[in-house]
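> Sequence plus predicted model, see below.
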Amino acid sequence: MKNRFIRAIFTNPFNIVKILSLNLKMLLLRLQGKKTIVYNIQMDYFYNTFEPIYLELQKNKKIVVYFAYYEDSQRLHEFLNTFLSSKYLISSMISPFIWFDMFITAEINGPNFPVSFLPTCKIQLYHGTGVYPLYNKTDVLSRFNVHFAVGPQLVEFLKTLPHKNKNQNNYVEVGFPKLDAICHPDPELVNELKKQYNILNEFVILYAPHWNPNGSLHVLSLEMIARLAKLENVMILIKVHNFLYTRFKEDNWQEKLQKFADKYDNVVYVTRPNTQENFPLGDMMVTDTGTTAAFEFSITKKPVFVFFNQQWFDNNENSEVEKQIIDTTINFTTIDEIVDYTRKVQNGNAEMQKEIEVQQLKQQQLVDKYLFNPGTATEAAVTAIKKEIGY
């Protein structure tokens, strides 16, 4: 704690004034009977994980929500500042020293936690359905008071964490608030996006590749999309995982994908951070082994095709959810296969339609098994938050 405080002051001596003034503000808000929440955010797309909850909390005049943004990301600050007032934006360098009533984060991290002597309730808001990345994060996750479980698979994992006191590693069966928008699409947003991407009556393919080296983007390359783009009356939206940019900086994927999309009238490189807002636009999805997107798009009951790569499973233990996703989706391993599948979907091929009908039944079973409160998760999250802060 001491080193963090020294670093914050050494980086900017004025931070001591900010810390003192913000703590005074928190005190004044408490005296007014108001509760304060800080949402810790390190990447732009994590805003959308919290957005539906935030919009509901805003309706309560006795709850004030702040956003602690990653200090080293000017781009993130600019992104948040386009729709949030600057008075609610706080650098994550100083946020740990401010006494908020509640700290919420969708990242599995440690450095931006409130300092230990502050009685701040800490909530983990998960941003994926799988549990395989969590097993080596026990120490960090055990610093939370409450976890918002997406589904039973999270509950089973959370039961393995230490429970040394009654305020450690509790959980609430919330679900995934971000997915409520898939269950209840916003017609205005759908129309706005169709205009933005120039979608008329085309057959829309959503391509959501995984970032890891076992995914289709790395193994099959953009040649797969180039082949799909040659099909008649097709529009392709490419929305990649943010980690593709951070884990493979040397490949300069942003420039590469934009140049690729510029070559085709029917290919759009999507740069808006929220992947799920594109789901109502799609007629089918092409994605990879290991993606949450395959699970999420299953809510729509539309065809999901996954590039199957056994090597991903060889490198990741505790991946039961991902294995069942593979059993639910229609899998391919070559470019020729996915081009043929897509053509059959477009043409209403009888055998393909039967396969899609079987998939739809499996999709419902998948969602029923691994997702709490589909369509009402935001309500469950807000109820849990109000309970934890005493409202």
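Everything's here; your move.

> Now do residue 219: how many residues are near it, please.
Residue 219: 14 surrounding residues under other C-beta atoms under 10 Å. Where C-beta positions appear, they are placed from N, C-alpha and C, glycine not excepted.

> Check residue 359 too.
For residue 359, the count of nearby residues is 20 (other C-beta under 10 Å).

> Over to residue 33?
Around residue 33 there are 8 residues (other C-beta under 10 Å).

> which ones are touching it?
Neighbour list for residue 33: residue 62 [criterion: C-beta atoms under 8 Å, 6 or more residues apart in numbering].

> Could you check how far it is from residue 64?
Using C-beta to C-beta, to the nearest Å, residue 33 is found at 11 Å from residue 64.

> now residue 338
Separation of residue 338 from residue 64 (C-beta to C-beta): 49 Å.

> The two - which one has more neighbours?
Of the pair residue 338 and residue 64, residue 338 is the one with more neighbours under other C-beta under 10 Å, namely 24 against 20.

> Let me know the secondary structure of the more buried one.
Each residue gets one of three states, and residue 338 gets helix by DSSP: H, G, I helix; E, B strand; the rest coil.

> Look up how far residue 268 lies from it.
19 Å.

> what does residue 153 give?
Distance, residue 153 to residue 268, using C-beta to C-beta: 33 Å.

> Next, the contact list for residue 50, please.
Contacts of residue 50 by C-beta under 8 Å, 6+ apart are 39, 41, 104, 106, 125, 177.

> Kindly format the C-alpha coordinates of the lengthiest helix in the chain as CSV.
Determined from DSSP state H, the single longest helix within the chain is helix 350-370. C-alpha atoms of helix 350-370 as CSV (Å, rounded to 0.1, in the frame of the first residue of the first chain):
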residue,chain,number,x,y,z
ALA,A,350,-32.6,-29.4,-46.7
GLU,A,351,-29.9,-31.4,-44.9
MET,A,352,-28.3,-28.3,-43.5
GLN,A,353,-31.7,-27.1,-42.3
LYS,A,354,-32.2,-30.3,-40.4
GLU,A,355,-28.7,-29.9,-38.8
ILE,A,356,-29.6,-26.3,-37.8
GLU,A,357,-32.8,-27.5,-36.2
VAL,A,358,-30.8,-30.0,-34.1
GLN,A,359,-28.4,-27.2,-33.2
GLN,A,360,-31.2,-25.0,-32.1
LEU,A,361,-32.4,-27.6,-29.6
LYS,A,362,-28.8,-28.0,-28.3
GLN,A,363,-28.4,-24.2,-28.1
GLN,A,364,-31.4,-24.0,-25.8
GLN,A,365,-30.0,-26.8,-23.6
LEU,A,366,-26.7,-25.1,-23.5
VAL,A,367,-28.1,-21.7,-22.4
ASP,A,368,-30.4,-23.5,-19.8
LYS,A,369,-27.4,-25.3,-18.4
TYR,A,370,-24.8,-22.5,-18.2
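
> All the strands of this structure, in order from the start?
Secondary structure of the chain (DSSP state E): strands at 35-41, 63-69, 89-91, 102-105, 121-125, 146-149, 170-173, 203-208, 234-238, 267-269, 284-288, 304-307, 330-332.

> What helices and strands are in contact with the longest helix of the chain?
helix 152-158, helix 292-297, helix 320-328, strand 330-332, helix 335-347 (3 or more C-beta pairs under 8 Å, 6 or more residues apart in numbering; DSSP states H and E).

> Break this structure into its domains for me.
What automatic domain parsing lists as the domains of the chain is 2-176+374-389, 181-370.

> Distance to residue 348 and mean pLDDT for the strands of the chain - can I get that in TSV?
Output for the strands of the chain, formatted as TSV (distance: least, C-beta to C-beta, whole Å; pLDDT from 0 to 100):
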stretch	distance to residue 348	mean pLDDT
strand 35-41	44	96
strand 63-69	47	96
strand 89-91	50	94
strand 102-105	46	97
strand 121-125	41	96
strand 146-149	40	98
strand 170-173	40	98
strand 203-208	11	98
strand 234-238	15	98
strand 267-269	24	98
strand 284-288	13	98
strand 304-307	16	98
strand 330-332	16	98
